[in-house]
Structures are given as structure tokens and as C-alpha cells.
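Colleague: what's the 3D shape of this:
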Amino acid sequence: MATPIQASVRYYRRGITRVLWVPTIASLAAPTRAEIDAGTALEGETGAMEGWQTTSETFPTPALGSRFTPVVGGAITAADSSLTFWASKDADDVRTLLIREATGYIVWMDEGDVPAQTMDVYPVTVTSQAKVRELDSAAQIMCQFAITSEPQENVAIPAAA
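Modeller: Below is the predicted model of the structure:
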């Protein structure tokens, strides 16, 4: 009998997941605790998020000798990604941090900032700060990002200093 997959410990993302804006990371595969601690925690003002995942294209590779068409993996791409924040009536909010064309890193710690667990590191450029204008909801700012090179996924979170 095959060994069953490890049972997951399921969790609710709110209150657990950390998302950081980090200005500088020397090695995407191994950010240091000092680099992470120099970042800004965004989750307290994040009202929505979209994207933040990679996908791979596939290509069919038919052969005349078979009716079955196998596929091979192709280019890896990242989805269009954004974070939506709560706007402040005095304008002292994310607009002063994530300015258009700022470059840095978005770090996702899905299960929290727990050493030896994993994080994803996305090299990004801020492409816009769109004001979300709706009649019956709180004011928000949507920051859109260009993911500028391949993200590092499932990187070990370093221990606290």
C-alpha cells in the first residue's frame, strides 16, 4: 500500500499570514534576518490581494505514431499581482511607501514569521497606486506590481537575531 500524504494542519489566513515590503535582499534564495527586519510589515493595512503565484505554460508535442498528445512544460510566468490597502483620510498611508517605480521585494510568509518554515520572495517594481473609488465602501489604494524576475518559492525563514 502506498504511503498517504502527510495530513495538513489547516489554517485561516487572516491573523497568520505576513506580507512584507523589503527594500534590499542580496540573495533571493537566502534572505537574512537583518534584511527581513529592515522591511515594512504590510498585512495590518492590506484589505485584498490578487495574483502572487507562478504558473507554467505547456505545449502539446503530438507524434504521428500515436493518437495521444503528450505535453511538455514551457515558460514560467507570474500572474499580474496587486495589494489593496486601506486609504487614510490624512493621506498618510501606503502612498508614502510604495511609490510608482519603487523597486524592492514582496515577501510572503503564509504560515507566519516562523523560523525554518517557508516564505516566497518576489522581486518587484511598483507600477501604480490606483485609488479605488466606490460609493458604499471604505476608501482603498490598490498598488499593482510588475514581478521583474523569477520569484524564489519555499525559501527557509531565517531565525530571529
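Colleague: Quick check: closest non-adjacent residue to the residue nearest to the spatial centre of the chain.
Modeller: In the chain, the residue lying closest to the centroid (CA atoms, centre = their mean) is Trp52, at 4.1 Å. Leaving out its chain neighbours, the residue that sits closest to Trp52 by CB to CB, 6 or more residues apart in numbering is Ser81, at 5.0 Å. The way it works is simple: take the backbone N, C-alpha and C, and place the C-beta from them, glycine included.
Colleague: so that neighbour sits right up against Tyr122, yeah?
Modeller: Yes. Ser81 lies in contact with Tyr122 (CB atoms under 8 Å); the separation is 7.4 Å.
Colleague: Find residues that contact each of the two.
Modeller: Trp52, Ile106, Phe145, Ile147 (CB atoms under 8 Å, 6 or more residues apart in numbering).
Colleague: Ala26 touches Glu35, doesn't it?
Modeller: Yes. Contact criterion CB under 8 Å: Ala26 and Glu35 qualify, at 7.1 Å.
Colleague: So for the two, which sits in the more crowded spot?
Modeller: For Ala26 versus Glu35, neighbours defined as other CB atoms under 10 Å are more numerous around Glu35 (20 against 8).
Colleague: For the more buried one, grab phi and psi.
Modeller: Here is the backbone geometry of Glu35 (degrees, to the nearest 10): phi -60, psi -40.
Colleague: nearest residue to it other than its sequence neighbours?
Modeller: Ile25 (5.1 Å).
Colleague: now do Lys89
Modeller: Per CB to CB, 6+ apart, closest to Lys89 is Ala139, 7.8 Å.
Colleague: again with Ile147
Modeller: Ile147 sits nearest to Ala78 (CB to CB, 6+ apart), 4.0 Å away.
Colleague: picking up where we left off before, wait, what's in contact with the residue nearest to Glu35?
Modeller: Residues in contact with Ile25 (CB under 8 Å, 6+ apart) are Pro31, Glu35, Tyr105, Val121.
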